[in-house]
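Chemist: predicted model and sequence below, questions to follow.
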Amino acid sequence: MIILIPAYEPDRRLVDLVTDLRHCGQTIVVVDDGSGPEFRPVFDRVAELGCDVIAHTPNRGKGYALKRGFAHIARTYPGHDVVCADCDGQHTLTDIATVAESVRSHRAGIVLGARRFSGDVPLRSRFGNDMTRAVFRLATGRRLQDTQTGLRGYPAWMLGWLQTVDGDRFEYELEVLLAAGRHGIELHEV
């Protein structure tokens, strides 16, 4: 299992997440999405911790960074499944491990680490997810709890296909879900 972390202008939370994941023995690929020279120390630090860091300039967007990471993993770590996590530390080690384990048992599709949206969730986040969830259901007939989660797992066989999905920015992750529906790929939430 490879952990893929796209990162744009990360802070100390990326270093903390990588430190925790490395203590668990995880192989990690971090994609610097054109963050600029002022963020080089953060990427140097995660490289020192054992991450495989790839970079491009200028900033191209999360979708582009993910596709670049998938291509790198397919070449460098063939046959390995992937769990994507955000660089801001919002995903716990337990949640990442849960998605990783689910990928191992759900080989036919995508695993989504769905958030519950309970408690003190910003109105903008709750509204955005409610809207995309409703649009997704209307477009596909599929019901999902969280269409915007960045915590996702993919079996190795899917990496080539993921590189063909349209989108280079945040729309990419929703496009993946829509394309999965068109291609009969299962979606599993944990």
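Modeler: All right, it came through fine. Just so it is clear, the structure is predicted and the values come from calculations on it, not from any experiment.

Chemist: name the secondary structure element that contains the closest residue to residue 190 other than its chain neighbours.
Modeler: Excluding the flanking residues, the one nearest residue 190 by CB to CB, 6 or more residues apart in numbering is residue 102, at 4.9 Å. (Each C-beta comes from the backbone N, C-alpha and C, glycine too.) Here residue 102 is covered by helix 93-105, with elements defined by DSSP states H and E.

Chemist: what packs against that helix?
Modeler: helix 12-23, strand 82-84, strand 109-112, strand 152-154 (3 or more CB pairs under 8 Å, 6 or more residues apart in numbering; DSSP states H and E).

Chemist: which residues of this protein score low on pLDDT?
Modeler: The model of the chain has pLDDT under 70 over residues 116-130, 133.

Chemist: which ones are touching the residue nearest to the spatial centre of the chain?
Modeler: The chain has residue 84 as the residue nearest its centroid, 2.9 Å off, counting by CA atoms, centre = their mean. Counting by CB atoms under 8 Å, 6 or more residues apart in numbering, residue 84 makes contact with 3, 4, 5, 6, 66, 69, 150, 151, 152, 153, 154.

Chemist: mind checking what secondary structure the residue nearest to the third one when sequence neighbours are not counted has?
Modeler: Looking back up the chat, that one is residue 5. Nearest non-adjacent residue to residue 5, counting by CB to CB, 6+ apart: residue 30, 4.8 Å away. Of the three states, residue 30 takes strand under DSSP: H, G, I helix; E, B strand; the rest coil.
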